[in-house]
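Engineer: Sequence below, structure please.
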Amino acid sequence: MGIYKITPTKANLIKSKNSLAFAKKGYELLDRKRTLLIREMMSLIDEASNLQEEIETEFSKAYDALKLANITMGTENVEEIARSIEKEKDFTILTKSVMGVEIPHIKYEEDSLTAEYGFFRTNPAFDKAVLSFNNIRKLIYKLAEVENSVYKLAMEIKKTQKRTNALEKIQIPKYSSTIKYIEEVLEEKEREDFFRLKRIKGKGDKIQ
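Structural biologist: Modelled structure (predicted):
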């Protein structure tokens, strides 16, 4: 635990106490930020887990419907009709700030699905597969957004942890040691001055 090479004066004592107070306040703010970031990240991890389960369930439904459509309509017909379905629309990746961390937000047009094929050529199984795969696309957008957000929050938590550790284990103990050192030196000096004055006064009394 190092001590600053600092002249033990009252001015430096005040300065060191102010620095210690500032470091403690900074630690409190960073510790609070870390707690909030962890809480936000854990919430997003739960959301990601739920989305993954939802995607797996939706994929299972979609593939079951697609298999039934292939059996009842024929694979060639399914492939031909599938080519007429509207391609995936473009999306935009925006960002939003969560406690100073820029996390992604995927923006896309969420129009109602319009059939671009004649219903007389399909059956309910095919329509169900199309709806399920369209829903999966939206879920994947959301999952990508959430997982990326978790990563960014984790990186910020790591950075915040390093800063809180530096304050808690280095800066705060250093300022505390410096204050203790200056106070001890000043107290010793005050005692020496007191005894010196006492001796001077004693000699003066003897002369009288």
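Engineer: give the contact list for the residue nearest the centre of the chain.
Structural biologist: Geometric centre of the chain, nearest residue: L153, 2.4 Å, by CA atoms, centre = their mean. By CB atoms under 8 Å, 6 or more residues apart in numbering, L153 lies in contact with 37, 40-41, 44, 98, 101, 103. C-beta coordinates here come from the backbone N, C-alpha and C atoms, glycine included.
Engineer: Which pLDDT value does the model give V78?
Structural biologist: pLDDT, V78: 84.
Engineer: and the helix or strand of the chain with the lowest mean pLDDT, which residues are buried?
Structural biologist: For the chain, using mean pLDDT, DSSP states H and E, the weakest element among its helices and strands is helix 172-207, scoring a mean of 80. Within helix 172-207, the residues scored as buried using 16 or more other CB atoms under 10 Å are 172, 174-176, 178-179, 181-182.
Engineer: circling back: hmm, which of the contacts of L153 is lowest in pLDDT?
Structural biologist: V98 (82).
Engineer: Hmm, M41 and it touching each other?
Structural biologist: No: counting by CB atoms under 8 Å, V98 stays clear of M41, with 9.7 Å between them.
Engineer: Please say which of those two ends up with more neighbours.
Structural biologist: M41 (20 against 17; other CB atoms under 10 Å).
Engineer: Distance check, that one against S149.
Structural biologist: According to CB to CB, to the nearest Å, M41 stands 8 Å off from S149.
Engineer: same for the helix or strand hosting S60, what does it pack against?
Structural biologist: For S60, the element it lies in under DSSP states H and E is helix 10-73. With contacts defined as 3 or more CB pairs under 8 Å, 6 or more residues apart in numbering; DSSP states H and E, helix 10-73 has these neighbours: helix 75-83, helix 124-166, helix 172-207.
Engineer: Next, format the ones you listed as a markdown table and append distance to Y108.
Structural biologist: Converted to a markdown table, the helices and strands packed on helix 10-73 look like this (distance: least, CB to CB, whole Å):
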| stretch | distance to Y108 |
| --- | --- |
| helix 75-83 | 21 |
| helix 124-166 | 6 |
| helix 172-207 | 48 |
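Engineer: K15 is nearest to which of those?
Structural biologist: When those are compared by CB to CB, helix 172-207 sits nearest K15, at 9.6 Å.
Engineer: which SS state does I85 fall under?
Structural biologist: Recorded secondary structure, I85: coil (DSSP: H, G, I helix; E, B strand; the rest coil).
Engineer: Just the pLDDT for it.
Structural biologist: 71.
Engineer: what's the answer for the one 10 residues further on, then?
Structural biologist: Note for T95: predicted pLDDT of 86.
Engineer: quick one: contacts for it?
Structural biologist: Here T95 is in contact with 102-105 (criterion: CB under 8 Å, 6+ apart).
Engineer: For those, pick the one with the most neighbours.
Structural biologist: In terms of neighbour count, I103 stands highest of those at 20 neighbours, by other CB under 10 Å.
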